[in-house]
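1. no letters, just coordinates:
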């Protein structure tokens, strides 16, 4: 089930160029299945917890790099695509992921059917993006301009004081 769910994003992700980052990779989904499906793409698994990073390194494909850290600590506008599944509530995930993507890129979030797409769209606009698509539990946000000053906010702020 996790594998099939992760693979739903292959078509969307392959529509954008550049390296991929799986934010809050946890056990490696959707990052590892995407890396296997897209062997010519560089995939970074970004995870804050050291023991999870150790696990991810054991399963990493040749095109995968594991980075221990938080989204708020990474260089903005560095990736072509950011993906996240079960990272945080969608508005918070948008604030963490969209700054990582360069203009022209995208964020793909696995979200449930009850997601407030209007709120997600408002948050996306604040951090340089727009909600492009919502289908089959996947949200696609395009990065339309560079990350504004002040984003990403300091570690922990987005989850304590969500935008939107």
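-> Noted; the coordinates are in hand. Remember, predicted model here, so these are calculated numbers, not experimental data. Residues are numbered from 1 along each chain as shown.

2. and after the strand or helix carrying residue 122, which helix or strand comes next?
-> Under the criterion of DSSP states H and E, residue 122 resides in helix 117-126. The first helix or strand that comes after helix 117-126 along the chain, using DSSP H and E, is strand 129-135.

3. sorry, back to before: which residues touch the helix holding residue 122?
-> 90-91, 94-95, 98, 111, 130-131, 134, 139, 141, 148, 151, 162-164 (C-beta atoms under 8 Å, 6 or more residues apart in numbering). Any C-beta I mention is one placed from the backbone N, CA and C, and that applies to glycine too.

4. how about stretch 152-162?
-> So stretch 152-162 is in contact with 70-73, 76, 88-89, 91-92, 95-96, 99, 123, 127, going by C-beta under 8 Å, 6+ apart.

5. buried residues of it, list them for me.
-> 152-153, 158, 162 (16 or more other C-beta atoms under 10 Å).

6. can I get the residues you listed in CSV with secondary structure?
-> Putting the buried residues of stretch 152-162 into CSV (DSSP: H, G, I helix; E, B strand; the rest coil) gives the following:
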residue, secondary structure
152, coil
153, coil
158, helix
162, coil
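
7. give me every residue that touches the residue of the chain most remote from its centre.
-> What lies farthest from the middle of the chain is residue 58; by C-alpha atoms, centre = their mean that is 21.6 Å. Not one residue lies near residue 58 by C-beta under 8 Å, 6+ apart.

8. gap between it and residue 29?
-> Using C-beta to C-beta, to the nearest Å, one gets 15 Å for the distance from residue 58 to residue 29.

9. then residue 160?
-> From residue 160 over to residue 29 the distance is 26 Å, taken as C-beta to C-beta.

10. okay, now residue 64: neighbour count?
-> Per other C-beta atoms under 10 Å, the neighbour tally for residue 64 reads 23.

11. may I have the beta-bridge partners of it?
-> Per DSSP bridges, the residues bridged to residue 64 are residue 43.

12. likewise for residue 85?
-> Residue 85 has these beta-bridge partners by DSSP bridges: residue 110.

13. do you know the pLDDT at it?
-> On the pLDDT scale, residue 85 is placed at 94.

14. and the strands in the protein, which stretches?
-> Under the criterion DSSP state E, the chain contains strands at 20-23, 43-47, 64-68, 79-85, 101-110, 129-135, 138-143.

15. okay, those in TSV with distance to residue 36 next?
-> Rendered in TSV, the data for those read as follows (distance: least, C-beta to C-beta, whole Å):
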stretch	distance to residue 36
strand 20-23	12
strand 43-47	9
strand 64-68	9
strand 79-85	14
strand 101-110	17
strand 129-135	23
strand 138-143	19
